[in-house]
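Participant: based on what follows, work out the 3D shape:
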Amino acid sequence: MAAPNAPLQTRMVDDKSPICIPFILSRLAEYRAQQDGETHPRPFIVGLNGVQGVGKTTLVRALAETLQEREGLPTLVVSIDDFYLTHADQLALAAAHPDNALVQYRGEPGTHDLSLLTQFLTSLTTNPTKLTPIPQYDKSAFSGQGDRLPPSTWPTTDPTNPPQVLILEGWCVGFRPLSPPLLVESKWKSAGSRTLHNHKLDHLLFINSKLEDYDRVINSALDAFIHIDAEDTEYVYAWRAEQEAQLRRERGAGMSEEQVIKFVDAYYPAYELFAEGVRGGVFRGKEGRKGCQLRLVVGRDRTVKENMVI
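Facilitator: Numbering: from 1, shown residues only. Predicted coordinates for the structure are as follows:
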């Protein structure tokens with residue numbers, strides 16, 4: 001099966017931060033109004049979910065630079081990728097579920113160390129002027145299997161200039177678990193699924209159950225949320241193919257089209273299961289959170305086609 005929409009090289013254009021910055025500043029102003037003049041309130045936490053290949057790294061860099069340099073807001077960017085399980089713990093997880101392809105490698109919900117993330121968020125929010133270590137993960141370790149770097153090498157926050165904004169980004173930030181009946185009837189049994197039928201129902205339910213802790217640890221900590229969506233989620237196949245084609249041109253090595261499809265198929269089930277829930281609102285059902293989520297929808301060329309606050 002070929003990747004949807006043959007690779008068409010597109011240039012990254014930042015048309016997203018001009019939409020995101022006013023949204024963040026508006027929500028931050030409302031947040032500060034509720035702090036009663038605290039000298040060092042905890043950082044304002046923005047969750048950011050972007051479909052893979054959409055240009056999330058470019059956007060996050062632009063947001064941080066604008067907030068810091070133009071708005072004078074010390075900003076810390078943290079990726080959920082830096083909270084993957086250690087190599088040893090990932091191997092143990094894989095060994096405990098040897099027939100579940102979804103947890104044989106890092107990526108899917110269940111392959112992150114939420115205890116470490118909880119420790120990090122607690123340190124940062126309970127005492128912002130305290131030095132907080134920022135975990136780091138090396139994806140190249142163990143021939144690409146990855147491992148956490150030693151804590152002695154982690155950077156730390158600056159207690160004399162604590163972050164006022166924290167951007168927590170990641171492809172599964174904002175995912176919320178589905179009720180098992182909904183997962184079975186509306187997702188797994190759907191004839192239009194691209195990848196879900198490649199997996200046993202119990203394996204999908206295992207991933208879904210892990211998201212209960214993600215919802216508790218991550219989503220409950222967010223003050224605002226930005227979702228970079230795509231008109232068609234299957235664009236991720238073509239975008240990854242473009243990236244690999246560029247690597248082959250520049251470095252003489254990169255995944256083939258067949259390898260790209262296999263790579264994306266490994267994480268695409270989570271999009272099929274949980275993306276709709278993110279579109280419906282990470283804060284849905286939570287009192288007083290209307291207007292706290294910004295959704296941008298991009299086309300095949302990665303440019304914004306529509307945006308809305310929900």
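Participant: state the mean pLDDT of stretch 202-211.
Facilitator: Regarding stretch 202-211, the rounded mean pLDDT is 97.
Participant: swap that for stretch 146-158, please
Facilitator: According to the model, stretch 146-158 has a mean pLDDT of 97.
Participant: that stretch: end-to-end distance?
Facilitator: End-to-end distance for stretch 146-158: 28 Å, by C-alpha to C-alpha, to the nearest Å.
Participant: longest single helix anywhere in the chain?
Facilitator: helix 257-280 (DSSP state H).
Participant: so what are the sheet partners of the helix or strand following it and their directions?
Facilitator: Per DSSP states H and E, the first helix or strand lying C-terminal to helix 257-280 is strand 293-298. Using DSSP bridges, the strands paired with strand 293-298 are strand 224-230 (parallel), strand 304-309 (antiparallel).
Participant: what's the angle from strand 293-298 to helix 257-280?
Facilitator: 140 degrees (axes from the mean of the first three to the mean of the last three C-alpha atoms, to 10 degrees).
Participant: what about Ser152, neighbour count?
Facilitator: Neighbour count for Ser152, taken as other C-beta atoms under 10 Å: 6. Yep, even glycine has a C-beta here, placed from its N, CA and C like the rest.
Participant: make sure I have this right: it is in a helix.
Facilitator: Yes: assessed by DSSP: H, G, I helix; E, B strand; the rest coil, Ser152 belongs to a helix.
Participant: now it: how far from Pro133?
Facilitator: Distance from Ser152 to Pro133, counting by C-beta to C-beta, to the nearest Å: 10 Å.
Participant: with just CA atoms, put the longest helix of the chain into CSV.
Facilitator: Listed next in CSV are the C-alpha coordinates belonging to helix 257-280 (Å, rounded to 0.1, in the frame of the first residue of the first chain):
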residue,chain,number,x,y,z
GLU,A,257,8.4,4.2,1.4
GLU,A,258,7.6,0.7,2.7
GLN,A,259,9.5,1.4,5.9
VAL,A,260,7.7,4.7,6.3
ILE,A,261,4.3,3.0,6.1
LYS,A,262,5.4,0.4,8.7
PHE,A,263,6.8,3.2,11.0
VAL,A,264,3.7,5.3,10.9
ASP,A,265,1.4,2.3,11.1
ALA,A,266,3.0,1.6,14.5
TYR,A,267,1.6,4.8,16.1
TYR,A,268,-1.4,5.5,13.8
PRO,A,269,-3.8,3.4,15.9
ALA,A,270,-3.7,6.1,18.6
TYR,A,271,-4.8,8.7,16.1
GLU,A,272,-7.7,6.5,15.0
LEU,A,273,-8.7,6.0,18.6
PHE,A,274,-8.2,9.3,20.3
ALA,A,275,-7.9,12.2,17.8
GLU,A,276,-11.6,12.7,17.7
GLY,A,277,-11.7,13.2,21.4
VAL,A,278,-9.1,15.9,21.3
ARG,A,279,-11.1,17.7,18.6
GLY,A,280,-14.1,17.6,20.9
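Participant: mind listing what's buried in it?
Facilitator: Residues 257, 260-261, 263-264, 266-275, 277-278 are the ones in helix 257-280 that count as buried (16 or more other C-beta atoms under 10 Å).
Participant: done for today, thanks.
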